[in-house]
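Q: Sequence first, predicted coordinates after that:
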Amino acid sequence: MKIVDLRTETRGSWTGRVASLQWEDSDRPARDLWFLTRGPLADDLSLTGNPFLAGAFPAALKHGEQRISVAGPCCPWLCDGLETVIKYFDHWFYGNDRSLRIETGGHAGPEREQRRTGAFLSGGLDSSFTLWDNARRFPPGHAGRIRDAIVLRGFEIRVDGDASEVVFERALDALTPVAEELGLELVPLITNLRQLEPDSDFWGEQFQGPILAAAAHALAPRLTDVIIAASTDVANLRPYGSHPALDPKLGSHSLTLHHRGERLTRLQKLKAMADWSTALDRLRVCARAPADRLNCGHCEKCVRAMLELLVVGKLGRCEAFEQRDVTPAMLDGLLIDGDTMMFFAELVPDLRAIGRSDLARAIMAHAVRDMPRRFQEYTETIVKDLDHTFNRGRLRAWIRRLRSS
């Protein structure tokens, strides 16, 4: 994979850094990648190759590229960290049969020395808790106090075409009071990195952290520290694209990435910030949000968030959702897989405690129905771990080659 022709472009009302990506060992079309923002913020975008290197390497690894070559200066610190992250991904997902050589067009020096901290803000529970927790720990004026809230378009919200602009503008409007209450500046940023590999499983397993890291690197002339909110707690950690062992390794010498919040479960975070009505009224969890409201109110993520709000006694007054209650019928037909069942299972004791055993039973019924598939997943995981431990992943690599032949 080659990333060439790094340049500055204006596209509509957005201005930023663009590069051309060319595949070398995979029969895939060339395309432009970009990081764009608005107005004077465009002057704060990085002129290095760091954002493109940090964001594109997972797709290069997946599609068997032998190298990733960036025709621009990149930080040696980032290159060193990427070599380690690549090793993790190879061990976790490819059975120890892949490598990726990193080549850059020189060494990038520090982009900013005076400390300034930012964090990503999607409007979801994890990112909102990160802002709340930071504000209560760091006084105004402290270098560790978050000053910029990065709102990233092209990351988790999967709305295509012209509707994506409408949904994004609605999100910015909704999140403005949250930022104002904490004295933060909203930093809108768009990237098309996710289009490199639209597979949702790949996004979760390998692409999530690198896309956030790439966006942070794009703003390195403005920020020295960027916080990535943990998406799961310590007890449920597993191989995943955003992970406390990996996210910090995606930084550079002048940009430090912090993975924060894994000490608490989602429900514990919500209980801690339950009185912050400004954020709760603007919770934005829906991956397919309609243009006229923040959340659809029917998908798995919406129903899960409403159950969490119900447990803490806030759903009846929360403006983020039209519904004021959750019924067992709302769980029927939802796809609750092994990755998300842990969030629902955490709610069962609290639902029983508030007299909603009907919802607790509905969750348990979901878990029982899903047990055969989850048992198969667990069995495959055990076999994979044994193959890694005793055979260095050769069995998995052989099966993959057999399937592709």
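A: That came in fine, so what should we check first? Residues are numbered from 1 along each chain as shown.
Q: And the helices in this protein, which stretches?
A: 50-62, 76-89, 125-137, 162-182, 200-202, 208-218, 266-272, 277-280, 300-311, 338-353, 357-369, 371-391, 394-404 (DSSP state H).
Q: ok and the second one relative to helix 50-62, angle-wise?
A: Read it as helix 76-89. Helix 76-89 runs at 20 degrees relative to helix 50-62, counting by axes from the mean of the first three to the mean of the last three CA atoms, to 10 degrees.
Q: what's helix 76-89 in contact with?
A: Helix 76-89 is contacted by residues 50, 53-54, 57-58, 61, 98-100, 102, 104, 107, 206, 210, 217, 239, 245-246, 248-253 when judged by CB atoms under 8 Å, 6 or more residues apart in numbering. For the C-beta atoms, the positions are set from N, CA and C on the backbone; glycine is no exception.
Q: just the buried members of the residues you listed?
A: Neighbour counting with 16 or more other CB atoms under 10 Å marks 50, 53-54, 57-58, 61, 98, 100, 102, 104, 206, 210, 217, 246, 248-252 as buried within the contacts of helix 76-89.
Q: Residue 285 against residue 127, yeah?
A: No - if you go by CB atoms under 8 Å, residue 285 and residue 127 don't touch, sitting 10.5 Å apart.
Q: shaky segments in the stretch 151-300 of the chain?
A: Within the stretch 151-300 of the chain, the stretches with pLDDT under 70 are 157-163.
Q: how deep is residue 127 tucked in, by neighbour count?
A: By other CB atoms under 10 Å, the residues close to residue 127 number 25.
Q: Got the domain ranges for the protein?
A: Domain assignment of the chain by automatic domain parsing yields the ranges 2-104, 117-260, 285-369, 373-404.
Q: Please name the nearest non-neighbouring residue to residue 50.
A: residue 217 (4.1 Å; CB to CB, 6 or more residues apart in numbering).
Q: pretty sure that neighbour is in contact with residue 46, am I right?
A: Yes - counting by CB under 8 Å, residue 217 touches residue 46, with 5.9 Å between them.
Q: Report the separation between the residue nearest to residue 50 and residue 112.
A: From residue 217 across to residue 112, the span is 12 Å (CB to CB, to the nearest Å).
Q: Ok, residue 155 next?
A: The gap separating residue 155 from residue 112 is 23 Å, by CB to CB.
Q: For those two, indicate the residue with more neighbours.
A: residue 155 (21 against 16).
Q: so what's that one closest to, chain neighbours aside?
A: residue 211 is the one closest to residue 155 (CB to CB, 6+ apart), at 6.1 Å.
Q: Surely that neighbour is in contact with residue 190?
A: No - counting by CB under 8 Å, residue 211 stays clear of residue 190, with 11.8 Å between them.
Q: what do those two both touch?
A: Listed contacts common to residue 211 and residue 190 are residue 152; contacts here mean CB under 8 Å, 6+ apart.
Q: between these two, which one's more packed in?
A: For residue 211 and residue 190, the more surrounded residue by other CB under 10 Å is residue 211, and the numbers stand at 25 against 21.
Q: now that one: how far from residue 264?
A: In terms of CB to CB, residue 211 sits 24 Å off from residue 264.
Q: Before we move on, what's the pLDDT of the most far-flung residue of the chain relative to its centre?
A: Counting by CA atoms, centre = their mean, the extreme residue of the chain relative to its mean C-alpha position is residue 355, 34.6 Å from that point. Per-residue pLDDT puts residue 355 at 96.
Q: Quick check: phi and psi at it.
A: Dihedral pair for residue 355: phi 80, psi 20, per degrees, to the nearest 10.
Q: Number the chain from 4, please
A: I'll keep to 4 as the first residue from here, and by that count the last item is residue 358.
Q: Residue 248 versus that one, what's the distance?
A: Distance from residue 358 to residue 248, counting by CB to CB: 41 Å.
Q: Surely residue 101 touches residue 95?
A: No - counting by CB under 8 Å, residue 101 sits too far from residue 95 to count as a contact (11.1 Å).
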